[in-house]
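Visitor: quick one: sequence plus predicted model below, questions after.
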Amino acid sequence: MIKQFVPSEFCIKCKGCCRFKEAGSVWSPCLLDEEIQKILDKKGIPVASISIDRHIQPVACSGCSDLVCPYLAVSENKCQIYEMRPFECQLYPFLLNLRKGKVLLTVDLNCPYVCEKINNQEAKEYIIYLTGFLNSPKMLKLFEDNPQIIQAYEEVREVAEINLKRSGPI
């Protein structure tokens, strides 16, 4: 598990993430290969559609205009699979972004907590922690085995480069 930057009590009040303007959004969580099976094997959680490119497909939400993650309990604004939430969800509001052939650690500027805290010491220390974690041999292997996790996001701020030692293109 990745140490979280945004406190859960802030997330529960925010109602910003886990919601999407359109089906097929790059912002919809992309799953690692091993996460797909883990989610499919879990009993008592709603079945979700997973696209060919391994994204969780958002569903219509009664009483709201956006599409939502099928694992979001909208009334409580809580994740139903929090203890086994996907890597991308653990990483958020930080994202792995592909730009000009480089893998960058970026942050979603639509997160109000990030906008408030991104320039303070807490954020700088977290970015150092996260960059070290993501550049570890175990994580680099995970990215090599799951290139789908590296997306092309807009409206993000670059904070660090991830030094993938790859034999071929991403």
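Guide: Noted; the coordinates are in hand.

Visitor: so what does the lowest-mean-pLDDT helix or strand in the chain touch, helix or strand wise?
Guide: Among the helices and strands of the chain, helix 33-41 carries the lowest confidence by mean pLDDT, DSSP states H and E, at a mean of 83. Under the contact criterion of 3 or more CB pairs under 8 Å, 6 or more residues apart in numbering; DSSP states H and E, helix 33-41 touches no helix or strand at all. Glycine gets a C-beta too; all of them are placed from N, C-alpha and C.

Visitor: contacts for that helix next, please.
Guide: For helix 33-41, the external contacting residues (CB atoms under 8 Å, 6 or more residues apart in numbering) are 31, 45, 48, 50, 54, 81, 84, 86-87, 145-146.

Visitor: of these, buried ones?
Guide: Applying 16 or more other CB atoms under 10 Å to these, the neighbour count classes 31, 48, 50, 54, 81, 84, 86-87, 146 as buried.

Visitor: kindly reformat those residues as a markdown table containing pLDDT and secondary structure.
Guide: Listed next are the buried ones among the contacts of helix 33-41 as a markdown table, based on pLDDT from 0 to 100; DSSP: H, G, I helix; E, B strand; the rest coil:
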| residue | pLDDT | secondary structure |
| --- | --- | --- |
| 31 | 91 | coil |
| 48 | 73 | coil |
| 50 | 84 | strand |
| 54 | 89 | coil |
| 81 | 86 | coil |
| 84 | 85 | helix |
| 86 | 92 | coil |
| 87 | 94 | helix |
| 146 | 90 | coil |
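
Visitor: what's the mean pLDDT across stretch 107-125?
Guide: Average pLDDT, stretch 107-125: 93.

Visitor: do the same with stretch 2-17
Guide: Averaging pLDDT residue by residue across stretch 2-17 gives 87.
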